[in-house]
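Peer 1: below is the sequence, then the predicted model.
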Amino acid sequence: MNVWWSIALAAVGGLLLLWLLALAALALVRPRGKLLAEAIRLLPDLLRLIPRLARDRTLPRGVRVRLWLLLAYLAMPIDLVPDFIPVLGYADDAIVVAAVLRSVVRHAGPEALARHWPGTDDGLTAVRRLAGLPAISTR
């Protein structure tokens, strides 16, 4: 019986450590300044953009897999970060979307982003900044 308690405590401790590492990673990759507020404001357009990019067969397979995993994460009813945690609690989805977008743009190029963007040119400019690109629109 004592061995089972040790195993259970080790498993719980390991999961807690992984969760804390995930929180630290989110804090590190979160958009700085007003970009986080822009990401939250643009979330509806971003949620239309992601499936469009994920279905684009011209993009590399790894990029599409990343986008489908992002959609699965966004569809989960349980957040990685509970809402009572300051800053990260309400913004975790926007932070994860921004981090994946940066990765997608690095591998697929800004043209894919512009080709599938469903929003306004101003919104595209904000998304380009969010993805670490210059603010000039490519449309």
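Peer 2: Cool, the structure landed. Numbers count the residues shown, from 1 in each chain.
Peer 1: low-confidence ranges in the chain?
Peer 2: Judged against pLDDT under 70, the low-scoring parts of the chain cover residues 1, 26-27, 29-40, 87-88, 90, 135-139.
Peer 1: can you show me the helices along it?
Peer 2: Listed in chain order, the helices of the chain (DSSP state H) span 2-29, 34-41, 43-54, 61-75, 88-108, 110-116, 121-130.
Peer 1: tell me which of the ones you listed sits nearest to V81.
Peer 2: Nearest to V81, of all these, is helix 88-108, at 4.1 Å by CB to CB. C-betas here are computed from N, CA, C, even on glycine.
Peer 1: that closest one: which residues count as buried?
Peer 2: 88, 91-105, 108 (16 or more other CB atoms under 10 Å).
Peer 1: how many neighbours does P82 have?
Peer 2: Residues within reach of P82, counting by other CB atoms under 10 Å, total 10.
Peer 1: same question, H116
Peer 2: By the criterion of other CB under 10 Å, H116 has 18 neighbours.
Peer 1: that one and D56, how far apart?
Peer 2: 7 Å (CB to CB, to the nearest Å).
Peer 1: what's the answer for L20, then?
Peer 2: With distances defined as CB to CB, the gap from L20 to D56 amounts to 36 Å.
Peer 1: these two: who's more crowded?
Peer 2: Counting neighbours by other CB under 10 Å for L20 and for D56 shows that D56 has the greater number, 15 against 10.
Peer 1: show the contacting residues for that one.
Peer 2: With CB atoms under 8 Å, 6 or more residues apart in numbering as the criterion, the residues that contact D56 are R64, A112, R115, H116.
Peer 1: can you rerun that using 10 Å?
Peer 2: V63, R64, L67, A108, A112, R115, H116 (CB atoms under 10 Å, 6 or more residues apart in numbering).
Peer 1: OK, contacts around the last one?
Peer 2: Taking CB under 10 Å, 6+ apart, we find H116 in contact with R48, L49, I50, P51, R52, L53, A54, R55, D56, L59, A108.
Peer 1: swap in the fifth one?
Peer 2: In this structure, A112 makes contact with L49, R52, L53, D56, T58, L59, V63, V104, V105, judged by CB under 10 Å, 6+ apart.
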